[in-house]
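Undergrad: Requesting a structural model of the entry that follows:
(one chain, ligands or ions: 1)
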Amino acid sequence: MLGRDVDSFDRELKHDPAVDDESHFVNATASLVFRRRVAAGTLRVTGTRGSRDAGGGNVLGGLILAWATSVVVCSAMLHEFGHAWVARAVGWKVIGLRWHWYGVAFIADPDGKPEKLWKVALGGLMATALLALLFLAGTALPAPAPLLFEFGFGLNAALLLTNLVPLRPLDGGHVVAGLRRDSSGSSLS
Ligand SMILES: [Zn+2]
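TA: Predicted structure coming up:
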């Protein structure tokens, strides 16, 4: 029983680079010393892992920063793509996306249909709402996904709420103005 115990410790030691070769000379009669060495080895491994984590902290920080940057850039672009997709659908001529100091903006020619502006504005809001929902769904994944996806959800939720404010030039302002015009138009006709 004891011998088998030691054998399994021995196998552990052989797989453990943190424990020096000297440990392999320990026999069953010196099992107490052996166990201490195992314990010391384990502690040393833990210590090594701890310092590795400190070094890996920079890598992890870099990865989180890269993730955050990608989420910001992709969220802004997909919001504008939402505008662009609807713009194309209502017959506007989409010219492209342009980067500004504050972010990205979608450029289009209303092509004689400026009254569709509210639908185009709604396209960006829908894209951001969809992204927020997708990020929210992502928070249900195992760790560390929740932390990463919560950032995307928070960002898109904030973007959506800000753009829902019914003031032009925010998307919400265009939607409200367009809906008001449409309802007054239908009451005239
Ligand atoms: Zn927008």
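Undergrad: can you give me the helices in this structure?
TA: Per DSSP state H, the chain carries helices over the ranges 2-14, 31-89, 117-138, 145-164, 171-188.
Undergrad: Per the annotation, how does the protein divide into domains?
TA: Recorded structural domains for the chain (assignment: automatic domain parsing) are 2-49, 58-188.
Undergrad: Which of the ones you listed has the lowest mean pLDDT?
TA: Lowest mean pLDDT within the domains of the chain: domain 2-49, at a mean of 42.
Undergrad: Tell me the residues of the protein that contact the ion?
TA: Gly124, Asp171 (Cβ under 5 Å from the ion). C-beta: built from backbone N, CA, C; applies to glycine.
Undergrad: For the ion, give me its nearest residue in the chain.
TA: Gly124 (3.3 Å; Cβ to the ion).
Undergrad: Double-check that residue against His79; I have them as touching.
TA: Yes: counting by Cβ atoms under 8 Å, Gly124 does reach His79; the two are 4.8 Å apart.
Undergrad: Need the overlap of contacts for those two.
TA: Asn163 (Cβ atoms under 8 Å, 6 or more residues apart in numbering).
Undergrad: quick revisit: pull the number of nearby residues for the residue of the chain closest to the ion.
TA: By other Cβ atoms under 10 Å, 26 other residues sit near Gly124.
Undergrad: now swap in Gly103 and tell me
TA: Neighbour tally, Gly103, other Cβ under 10 Å: 13.
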